[in-house]
Structure formats: C-alpha cells, structure tokens
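Participant: Predicted structure and sequence below. I'll ask about it afterward.
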Amino acid sequence: MKIEFVKYQGLGNDFVLIDNRHSLEPLLTPTQAIRLCDRHFGIGADGVIFLLPAREGGDYAMRIFNADGSEPQMCGNGIRCLAQFIAQLTQNNGSKRAYPIETLAGIMTPSLIAGGQVRVDMGEPRLLAGEIPTTLAAATEKVVARSLSLAGQVWPVTCVSMGNPHCVVFVEAVTAIALAQIGPAFEQHPAFPERVNTEFIEVVQPDYLKMRVWERGAGATLACGTGACASVVAGVLAGKCDRPLYGGVAGGLFRN
Ligand code: ZDP
C-alpha cells in the first residue's frame, strides 16, 4: 500500500498528516499509526492526523491517533498544523483565513494570521469532574487544587477539559520533576478513567508560565496546545494567573 504523507510540527509537537479527503474513514488503522510514529523504525511523530470530509457543517473533519494508537478528541497544535496543510493543499493564497473543522470535541476554528502563524479558537473549557472525566470530586463539582496522592507525594491538582482531559499540577520548579517516572503515574492513575494529559506548571510570573507536559498516549512532548490552554484556565481557577495572560505559555521557549 502506498500512501502520501507530510510531516508538520507546531512548537515541536510533531505530526504525520494524511490527505484523507476522499474517504470518510481514516486510511490507516491505529496499529499502522503506532508504527508510523515510531521514532526509530517509522517516520517518527507524536501522532497521525487525518484530513477528512465534513459531515456536520464544518469545512472539513479532523481525526487523530496518538503515538500509542489511542484516539483523542482534540489536538491544539495538530489542528494548527492541519490548517496550514489545508492551505497548502487548496493553494489558498490567504484569501480564506478561517477553517471550521469538525473534531470529536465539536467544531474548532483555526485561522491563518500574519507572519505565517496559525491561531485556533479552542472553544470553552469544561470544568466539571464528570466532564473531564475524573473521580477526584463529585461529577458536578469543579476540581481546583485538590490533593492527589501518587508516587509517595501529595500533589495539588486542577483539572480541565479542552475536549480532552487535562490534570494541571503547579510545582515550584519544573526542572525538578522526573517526568518519565511521574508522567505515567498520572496518566494511568485510577482517578482518570479515560487516562489524562498532565501539565507540570511553574508560575514564573502571574502572566508567564513554564510547562512540561506528559501527554496521554504520546508521553513527553515539546508542546501541547490543549495543555497550554488548560494550564492557563487552571491558573486562573487556582488564583495563580492573571486574566488575560499576555505572556502565554512558553511552549517555544522551554524545552524538556
Ligand atoms: O488528549 C490526548 O490524548 C492528547 N495526547 C492529544 C494531543 C494533544 C496535542 N498535543 C495538543 O497540542 O493539543 C496535540
């Protein structure tokens, strides 16, 4: 089987993208996606993204398989890459700026902006435990600065859904986190029945955060768009960040 692909990255969060516009189902299985994402025996990526025809009023639909073959609802950096891919495929010279795209988390709209950048309207965060989902609080309660015991420590966690589940942990110094050990313990903790993406956040200033992320199904990645948004929401909820937060999350400034 021969399939064309391109490889894009957003802040180092990298994806194999496939033009799947002529079929409603992804051209690859999750097992094939796992093989493509392998950094030594495959192309290497954090996930595989499919550009599919619209079904429900968007311009297109997006589906994504994580590097472990699981399917997340949304992907912030991925949808930015996808918008750039669409512009390339359709030879859009800038006359069309925004693409409403159907995702498993609803319609999200990336826009092409000045300087070749892509911005995405991520929709509203969901804050109730039942929506995330997590059992750290009753289904109709928010999860703000709750205690989670794990790996011999008690962690203060704030949970946010950006369509996909996030657990945001404010720490003194992100460099002190043993990500490869602690990340999987969060990801697989029974309090998160659909597993979870975990962001470790150091508040440098109320408008400037440092983030290290352990992604569900992908492990340590260089950036996570939904995670950056979830971290800002969590920072506001926990009273640690300004609103608005001009400095943004330092996906491009800080490296694992
Ligand atoms: O929810 C999940 O399983 C994530 N691994 C999806 C990917 C999120 C992403 N890093 C982002 O930028 O939002 C692509």
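Facilitator: Perfect, thanks for sending it.

Participant: The host helix or strand of residue 33 - contacts with which helices or strands?
Facilitator: Here residue 33 sits within helix 30-37, counting by DSSP states H and E. Helices and strands touching helix 30-37, by 3 or more Cβ pairs under 8 Å, 6 or more residues apart in numbering; DSSP states H and E, are strand 47-53, strand 60-66. Heads up, the C-betas are built off the backbone N, CA and C, glycines and all.

Participant: can you do 7 Å?
Facilitator: If contacts are counted by 3 or more Cβ pairs under 7 Å, 6 or more residues apart in numbering; DSSP states H and E, helix 30-37 sits against strand 47-53.

Participant: Just give the strands next to the strand it packs on in its sheet, each with its orientation.
Facilitator: Strand 47-53 has its sheet partners listed here by DSSP bridges as strand 13-19 (parallel), strand 60-66 (antiparallel).

Participant: Can you name the residues in contact with the first one?
Facilitator: Looking back up the chat, that one is strand 13-19. 3-8, 27, 36, 43, 45-51, 77-78, 81-82, 85, 89, 221-224 (Cβ atoms under 7 Å, 6 or more residues apart in numbering).

Participant: Just the CA coordinates for that strand, please, in CSV.
Facilitator: C-alpha atoms of strand 13-19 as CSV (Å, rounded to 0.1, in the frame of the first residue of the first chain):
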residue,chain,number,x,y,z
ASN,A,13,4.8,18.9,18.8
ASP,A,14,5.0,16.9,15.6
PHE,A,15,2.6,15.0,13.4
VAL,A,16,2.3,12.9,10.3
LEU,A,17,-0.6,14.4,8.2
ILE,A,18,-2.6,12.5,5.7
ASP,A,19,-4.9,13.9,3.0
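
Participant: hang on, the earlier thing: now render the strands paired with strand 47-53 as CSV, adding mean neighbour count, mean pLDDT and distance to the ligand.
Facilitator: What follows is the strands paired with strand 47-53, written out as CSV (neighbours: other Cβ atoms under 10 Å; pLDDT from 0 to 100; distance: least, Cβ to the nearest ligand atom, whole Å):
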stretch, mean neighbour count, mean pLDDT, distance to the ligand
strand 13-19, 24, 98, 5
strand 60-66, 23, 98, 5
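
Participant: how about those strands, which one is nearest residue 132?
Facilitator: Smallest distance to residue 132 across the strands paired with strand 47-53 (Cβ to Cβ): 17.7 Å, for strand 60-66.

Participant: The closest one vs helix 30-37, what angle?
Facilitator: Counting by axes from the mean of the first three to the mean of the last three Cα atoms, to 10 degrees, strand 60-66 lies at 80 degrees to helix 30-37.

Participant: so how far is strand 60-66 from its chain's centroid?
Facilitator: Distance, stretch centre to chain centre, for strand 60-66: 12 Å (Cα atoms, centre = their mean, to the nearest Å).

Participant: Can you name the residues in contact with that strand?
Facilitator: Contact with strand 60-66 is made by 26, 30, 33, 47-55, 71-72, 75, 78-79, 82, 86, 99, 101-103, 216-218, as judged by Cβ under 7 Å, 6+ apart.

Participant: Need the buried ones from those selected in PyMOL.
Facilitator: Selecting only the buried entries of the contacts of strand 60-66 in PyMOL, with 16 or more other Cβ atoms under 10 Å as the criterion:
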select buried, resi 26+33+47+48+49+50+51+52+72+75+78+79+82+86+99+101+102+103+216+217+218
